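> What shape does this take:
(2 chains)
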Amino acid sequence: MRRRVGGRDVLLDCSARFVAGSLTAVVARNGAGKSVLARVLAGVDRPDAGDVRRPARSAFFLPERPPAPPGLDASRLARALAPRLAPPAARTGAASRVAPALDALSLGGPPDAPLDQLSKGSLQKAHLAVAAALRPVLVVLDEPFSGIDADALGAALDLVRGLAAGSSVVVLTAHRPVPGVDCLALTDGRLAALEPAPPAYLLDVFPSARAGAVLAAPLAAAGATVQAAAEGLLRARVPEPALPAVLRAALDAGLEVRRLVEDVDAW
Amino acid sequence: MVSLLLVLLRLLVSSRRCLAAWTVYAALLAAVYASDAGPPLPAYASTAGALCAVALWIVLTGFVTDRSTTSLLAAAAGGAARLHGLQAAAGLVASLPLVALAVGWGWAAGPHPAASRTLAVGLLAHLAAVLVGGGVGALASPPVLRDRALCLAVAVGALVLAFTVPPATPLGPLLRGLNARSAGLADAAAWGLAAAGWGLVLTCAGAVVAHRRNSYGTGAPS
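Residues are numbered from 1 along each chain as shown, chains lettered A, B, ... in the order given. Prediction:
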């Protein structure tokens, strides 16, 4: 398909197929046309040429700037959208599934908080919770993690993965490859497969001086990067495949592993 | 679709965008019926004419202009055309209480007795006025016309045309018939149905143009 916006061809010969149960990230830089593609996929806009074939049921679309319709909270939004978006089996009790999803995402406020009183990150969490509650056939998320705090990013990605596991087609846009997610690069208006980025972990080891010496070789072999060393800690970003070897080297040397978390800041 | 219509109605009411229109129309009714407004049919002609303008006002202000919300709702509705029709319908529904208010006020406050036929004609005239006003509103709202000032100018121009040029809409002949007290129930029903159909045609035309515009709130690519 093609799409022209503002006198410029933003999408040129874009071709892709997203199957049920898939989770795909469209990765591109600013202004490359991620949002234009997301709007066309969601059915908000039509392509100028070509065709988009969607499931019969309408799409759940989370725009880059999450909407905050006044007078609605997440449960009410889910209740209102359920007849259009939720498959018949998921329609009953859709609103009641919002609160547990918000809880998993640590909304940081009451689950019935009006949407127009939430910050951008909290709004994104609220809309992700609505999507999780509705289990739509097609879910299009435009930079859904851009405002979410680091502590909740893992839960947000788990929630999106859960949607795909429940046989939804999930397409999201991002600036960088999302670890463990099939990625397509949008460059010069065309989509191309992108090597999926392996998940990476942040590893804090104490004490930094000895860790630097002991782990230098395994970290270098793993392609890990040492990010910061503060309060006597050495912090390394280690790709998942190399993690067992680095951890074994650290523990064998009697080093103290203080923290091990998935690196979610990258996306 | 009913659930989305209710959402749009809720947004319209909770945002209080139609409050000013409701208040102005209630004040106008109060002014009309403060003294003897004359026989019911001419009084209904004037309140129906005013309601056409007020329904246009409600539909114009009722359209959600926030890009993110329109995108969410357009995706849920299944496209821009459906959302456009739903937004116009929400404005029309928000105008319906004014129909009841106008007909009821005329019946309760007018010193002249009104037969049930007269009330039926009045009800039909007000409903037709709402549909014509709403139809003009649907044809003059974003994304059919994106510039707010242009929306207003086109809407007011279309309204003036509807009232002053007889063949422009069937609403003009209907109101003139009521004013001349010459409209029987059959005439009023015929003109009223024609006016209502005209309003629906305008609303559908607005939805078609919105679909062809293909840019519900589109900004720069990102």
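> Point out where the stretch 101-250 of chain A drops to low pLDDT.
Under the criterion of pLDDT under 70, the regions of the stretch 101-250 of chain A flagged as low confidence span A:196-197, A:228-229.
> residues from it in reach of chain B?
Neighbours of chain B within the stretch 101-250 of chain A, by CB under 8 Å from any CB of the partner chain: A:V140. Bear in mind the C-beta positions are built from the backbone N, C-alpha and C, glycine included.
> For chain B, what's the nearest residue on the stretch 101-250 of chain A?
Checking the stretch 101-250 of chain A residue by residue against chain B with CB to the nearest CB singles out A:V140 as nearest, at 7.3 Å.
> That residue: neighbour count?
30 (other CB atoms under 10 Å in any protein chain shown).
> Name the nearest residue to it, ignoring sequence neighbours.
With CB to CB, 6 or more residues apart in numbering or on different chains as the criterion, A:V140 has its nearest non-adjacent residue at 4.1 Å, and that residue is A:A42.
> Quick check: the one you found touching B:A76?
No - when contacts are counted by CB atoms under 8 Å, A:A42 is not listed as touching B:A76 (9.2 Å).
> Give me the common contacts of these two.
The overlap between the contact sets of A:A42 and B:A76 (CB atoms under 8 Å, 6 or more residues apart in numbering or on different chains) consists of A:59, A:61.
> neighbour-wise, which of those two wins?
The residue with the greater number of neighbours, taking A:A42 and B:A76 and applying other CB under 10 Å, is B:A76; the counts read 30 against 27.
> Show me what the helix or strand containing that one is packed against.
Element membership for B:A76, per DSSP states H and E: helix B:67-77. Secondary-structure packing of helix B:67-77 (3 or more CB pairs under 8 Å, 6 or more residues apart in numbering or on different chains; DSSP states H and E): helix A:34-42, strand A:59-62, helix A:74-85, helix B:2-14, helix B:80-109.
> again, 7 Å this time
Helices and strands in packing contact with helix B:67-77 are listed as strand A:59-62, helix A:74-85, helix B:2-14, helix B:80-109; criterion 3 or more CB pairs under 7 Å, 6 or more residues apart in numbering or on different chains; DSSP states H and E.
> most tightly surrounded among the ones you listed?
strand A:59-62 (a mean of 27; mean count of other CB atoms under 10 Å in any protein chain shown).
> and the helices and strands packed on helix B:67-77, which one's lowest on average pLDDT?
Lowest mean pLDDT within these: helix B:2-14, a mean of 85.
> residues in contact with it?
Contacts made with helix B:2-14 from outside it, assessed by CB atoms under 7 Å, 6 or more residues apart in numbering or on different chains, are listed as A:69-71, A:80, A:83-84, B:18, B:62, B:64, B:73, B:76-77, B:86-87, B:89-91, B:93-94.
> List of residues touching stretch B:33-41?
Looking at stretch B:33-41 with CB under 7 Å, 6+ apart, the contacting residues turn out to be B:43, B:105-106, B:109-112, B:114, B:118, B:121-122, B:178, B:181, B:183.
> typo on my end, it should be stretch A:64-82
The set of residues external to stretch A:64-82 that reach it, using CB under 7 Å, 6+ apart, is A:35, A:91, A:94-95, A:98, A:102, A:111-116, A:118, A:120, A:123-124, A:126-127, A:129-130, A:133-134, A:142-143, B:3, B:6-7, B:10-11, B:14-15, B:66, B:68-69, B:72, B:76, B:222.
> re earlier: any chance you could list what contacts the helix holding B:A76?
For helix B:67-77, the external contacting residues (CB under 7 Å, 6+ apart) are A:39, A:42-44, A:58-59, A:61, A:63, A:65-67, A:69, A:81, A:84-85, B:4, B:64, B:80, B:83, B:86, B:216-217, B:219.
> same question, stretch A:254-267
By CB under 7 Å, 6+ apart, stretch A:254-267 touches A:145, A:150, A:153-154, A:174, A:176-179, A:199-206, A:210-211, A:214, A:233, A:237, A:247, A:250-251.
> mind listing which of these are in helices?
Cross-referencing the contacts of stretch A:254-267 against helices under DSSP state H gives A:150, A:153-154, A:210-211, A:214, A:247, A:250-251.
> Most neighbours among those, which one?
Across those, the neighbour count under other CB under 10 Å reaches its highest value at A:A211, namely 27 neighbours.
> on that earlier part again, ok, the residue of the stretch 101-250 of chain A closest to chain B - contacts?
Residues in contact with A:V140 (CB under 7 Å, 6+ apart) are A:38, A:41-42, A:59, A:61, A:171.
> ditto for B:L145
Going by CB under 7 Å, 6+ apart, the list of residues near B:L145 reads B:151, B:154.
> That one and chain A, how far apart?
Between B:L145 and chain A the distance is 18 Å, computed by CB to the nearest CB, to the nearest Å.
> secondary structure class for that residue?
Of the three states, B:L145 takes coil under DSSP: H, G, I helix; E, B strand; the rest coil.
> Got phi/psi on it?
Main-chain dihedrals, B:L145, degrees, to the nearest 10: phi -120, psi 130.
> do A:V140 as well
In terms of degrees, to the nearest 10, the main-chain angles of A:V140 are phi -120, psi 120.
> swap in A:P69?
Backbone torsions for A:P69, taken as degrees, to the nearest 10, come to phi -60, psi 130.
> Run through who's touching the worst-scoring helix or strand of chain B on mean pLDDT.
Taking mean pLDDT, DSSP states H and E as the measure, the helix or strand of chain B with the lowest value is helix B:171-179, at a mean of 79. Residues external to helix B:171-179 that are found in contact with it (CB under 7 Å, 6+ apart): B:41-42, B:44-45, B:48-49, B:52, B:125, B:128-129, B:132, B:162-163, B:166, B:183, B:187-188, B:191-192, B:195.
> Can you flag the buried ones in those?
Judged by neighbour count, with 16 or more other CB atoms under 10 Å in any protein chain shown as the criterion, the buried members of these are B:41, B:44-45, B:48-49, B:52, B:125, B:128-129, B:132, B:162-163, B:183, B:188, B:191-192, B:195.
> Contacts only, for the closest residue in space to B:A189 that isn't next to it in sequence.
Nearest residue to B:A189, sequence neighbours excluded (CB to CB, 6+ apart): B:L124, at 6.2 Å. Residues in contact with B:L124 (CB under 7 Å, 6+ apart) are B:188-189, B:192.
> go on, A:A104?
Under the criterion of CB under 7 Å, 6+ apart, the contact partners of A:A104 comprise A:155, A:159.
> Give me the distance between it and A:V171.
A:A104 sits 22 Å away from A:V171 when distances are taken as CB to CB, to the nearest Å.
> Check the gap between A:C183 and A:L191 for me.
Going from A:C183 to A:L191 by CB to CB gives 10 Å.
> Also A:V169?
Counting by CB to CB, the separation of A:V169 from A:L191 is 15 Å.
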